[in-house]
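**Student:** Sequence first, predicted coordinates after that:
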2 protein chains.
Amino acid sequence: MKALEEKIKAEGRVLKGNILDVGGFLNQLIDPAFTIEMAEEVKRLFAKSGVTKILTMESSGIAIGFAVAAVFNVPLVFAKKRKALNQDGKMLTASVHSYTHNSDYTATVSADYINENDTVLIVDDFLANGEAMRGLIKIIRSADADLAGCVVQIEKGFQHGGDKLRAEGIRVEALALIDSMSYEEGLKFRN
Amino acid sequence: MKALEEKIKAEGRVLKGNILDVGGFLNQLIDPAFTIEMAEEVKRLFAKSGVTKILTMESSGIAIGFAVAAVFNVPLVFAKKRKALNQDGKMLTASVHSYTHNSDYTATVSADYINENDTVLIVDDFLANGEAMRGLIKIIRSADADLAGCVVQIEKGFQHGGDKLRAEGIRVEALALIDSMSYEEGLKFRN
């Protein structure tokens, strides 16, 4: 999505340690009109997939996840990173390793919210190593639901999580796919 | 908002320990069309307040916060409950006690995202003791921004956080205000 690539080039900042700071328009300060534009692009990509639910991970996936759910007019489900106090009943869980925080967490969704009649589209802000994505895929499979595919706003192609999933036959789309990134040389997008 | 009260009565579950489970339509499984209806009600309430930004707390406030930001067509800012690795620069912070988790956290927003020219509307899902709300108000004040007011989807009136804020002259609106709630007797809304 050209508009997103342009925005990342203009407003994103590559920090030391291969961190891309897009907090100013995509993470912590969110432009709703642009987010809805991105959601409409996601709708174009998965229009024929029969999506019945959107699944995302708290908390940075919720804004784009909500926008996509609104455009598809289907419910948004988000996985929590810890069990909520008011969650009883059967849970779908997956252990996820976070390279960012160098720690593990358990992604949790109530079994009431995804079932075998669902076709689920996973939406998230970033895809790097693909650990969070694999956790969400595991949750969908443990509910016997169908996976329509995965879509992210920004994929860090040089961390290969997306390509490994594609090699397994999973449809993975990125609105912007960065193939290389460094503090010294900036960003290169995949054509 | 009558439609929300009806939905809470029909689908909410009062659990032991005064916990209201609305995960099935408001928290973890989110109905985007109904969320946008609620956001339009918020717009009616604060239409004349000159709102320039919406502020919410991760993660349960983000969906309604995004919907309100979209209806107002202003940016959404969300406070993180811990400092992100890619946050450098000046931070606005407030210590918040969570009665739910019986622990403290530091709500954090980059000082780049709210400034003295902003009029900020705080949006959250729940208001009970008002601790999270006070943290967000502190962040707005430390940025020298104006506070338009606070609006929540559900206020637990019997925990008095909202009324204490109102007594201090802060405009607090709830789309549904529960005055009493128990496992045995169910819910009563404030008229």
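**Tutor:** It's in. Numbering: from 1, shown residues only, chains lettered A, B, ... in the order given.

**Student:** Neighbours of residue A:101, how many?
**Tutor:** Using other Cβ atoms under 10 Å in any protein chain shown, residue A:101 has 11 neighbouring residues. C-betas here are computed from N, CA, C, even on glycine.

**Student:** That one and residue A:129, how far apart?
**Tutor:** Distance, residue A:101 to residue A:129, using Cβ to Cβ, to the nearest Å: 13 Å.

**Student:** Would you pull up the residue in chain A closest to chain B?
**Tutor:** Per Cβ to the nearest Cβ, the residue of chain A with the smallest distance to chain B is residue A:59, at 3.2 Å.

**Student:** residue ranges for the strands of chain A, please.
**Tutor:** Along chain A, counting by DSSP state E, strands occupy A:13-15, A:19-21, A:29-30, A:53-57, A:76-79, A:91-98, A:103-110, A:119-127, A:146-156, A:172-182, A:186-189.

**Student:** partners of residue A:181 in the sheet?
**Tutor:** When assigned by DSSP bridges, residue A:181 has beta-bridge partners residue A:187.

**Student:** what does residue A:21 give?
**Tutor:** Legend: beta-bridge partners of residue A:21 under DSSP bridges are residue A:13.

**Student:** who touches it in this structure?
**Tutor:** By Cβ atoms under 8 Å, 6 or more residues apart in numbering or on different chains, the contact list for residue A:21 reads A:12, A:13, A:14, A:15, B:86.

**Student:** Looking at these, which is nearest residue A:174?
**Tutor:** Within these, distances to residue A:174 taken as Cβ to Cβ reach their minimum at residue A:12, with 14.6 Å.

**Student:** In chain A, which helix is the longest?
**Tutor:** Determined from DSSP state H, the single longest helix within chain A is helix A:32-45.

**Student:** what does that one contact?
**Tutor:** By Cβ under 8 Å, 6+ apart, the surrounding residues in contact with helix A:32-45 are A:1, A:3-4, A:7, A:25, A:63-64, A:67-68, A:70-72, A:121, A:123, A:151, A:153, A:173, A:175, B:66, B:69-70, B:73-76.

**Student:** Sort the contacts of residue A:21 by pLDDT and name the bottom one.
**Tutor:** Looking at these by pLDDT, the weakest one is residue B:86, with 57.

**Student:** Now do the contacts for the closest residue to residue A:76 other than its chain neighbours.
**Tutor:** Distances taken as Cβ to Cβ, 6 or more residues apart in numbering or on different chains put residue A:69 closest to residue A:76, at 3.7 Å, once the chain neighbours are dropped. For residue A:69, the contact set (Cβ under 8 Å, 6+ apart) comprises A:53, A:54, A:75, A:76, B:30, B:32.

**Student:** Can you tell me which of the residues you listed has the most neighbours?
**Tutor:** residue A:54 (31 neighbours).

**Student:** need the contact list for the residue sitting nearest the centre point of chain A.
**Tutor:** Nearest to the mean C-alpha position of chain A, by Cα atoms, centre = their mean, lies residue A:124 at 1.5 Å. Residue A:124 makes contacts with A:56-57, A:60-61, A:64-65, A:132-133, A:136, A:150-153, as judged by Cβ under 8 Å, 6+ apart.

**Student:** May I have the beta-bridge partners of it?
**Tutor:** Beta-bridge pairing for residue A:124 (DSSP bridges): residue A:152.

**Student:** so what's it scoring on pLDDT?
**Tutor:** On pLDDT, residue A:124 comes in at 97.

**Student:** how close does it sit to residue B:169?
**Tutor:** 41 Å.

**Student:** Next: residue A:105.
**Tutor:** Look at residue A:105 and residue B:169: by Cβ to Cβ, they are 41 Å apart.

**Student:** Who has more neighbours out of those two?
**Tutor:** Per other Cβ under 10 Å, whichever of residue A:105 and residue B:169 has more neighbours is residue A:105, with 18 against 6.

**Student:** residue contacts, that one?
**Tutor:** Residues near residue A:105 by Cβ under 8 Å, 6+ apart: A:81, A:82, A:95, A:96, A:98.

**Student:** Now list the buried members of the residues you listed.
**Tutor:** Buried members of the contacts of residue A:105, scored by 16 or more other Cβ atoms under 10 Å in any protein chain shown, are A:81, A:96.

**Student:** so which of the contacts of residue A:105 also contact chain B?
**Tutor:** By Cβ under 8 Å from any Cβ of the partner chain, no member of the contacts of residue A:105 lies near chain B.

**Student:** Tabulate the contacts of residue A:105 (TSV), appending pLDDT and distance to residue B:45.
**Tutor:** Output for the contacts of residue A:105, formatted as TSV (pLDDT from 0 to 100; distance: Cβ to Cβ, whole Å):
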residue	pLDDT	distance to residue B:45
A:81	90	32
A:82	78	33
A:95	94	43
A:96	94	39
A:98	86	39
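
**Student:** so can I have TSV of the contacts of residue A:105 showing distance to residue B:111?
**Tutor:** What follows is the contacts of residue A:105, written out as TSV (distance: Cβ to Cβ, whole Å):
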residue	distance to residue B:111
A:81	26
A:82	29
A:95	36
A:96	31
A:98	26
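
**Student:** ok, the residue nearest to residue A:68 when sequence neighbours are not counted to residue A:128 distance?
**Tutor:** Excluding the flanking residues, the one nearest residue A:68 by Cβ to Cβ, 6+ apart is residue A:39, at 4.5 Å. Remark: distance between residue A:39 and residue A:128 (Cβ to Cβ) = 22 Å.

**Student:** okay, and for chain A, where does confidence drop off?
**Tutor:** In the predicted model, chain A carries pLDDT under 70 at residues A:83-88.

**Student:** swap the cut-off to 80 and go again
**Tutor:** Counting by pLDDT under 80, chain A contains low-confidence ranges at A:16-18, A:82-89, A:100-101, A:191.

**Student:** okay but residue A:159 is in contact with residue A:133, surely?
**Tutor:** No. The pair residue A:159 / residue A:133 is not scored as a contact, 11.7 Å apart, by Cβ atoms under 8 Å.
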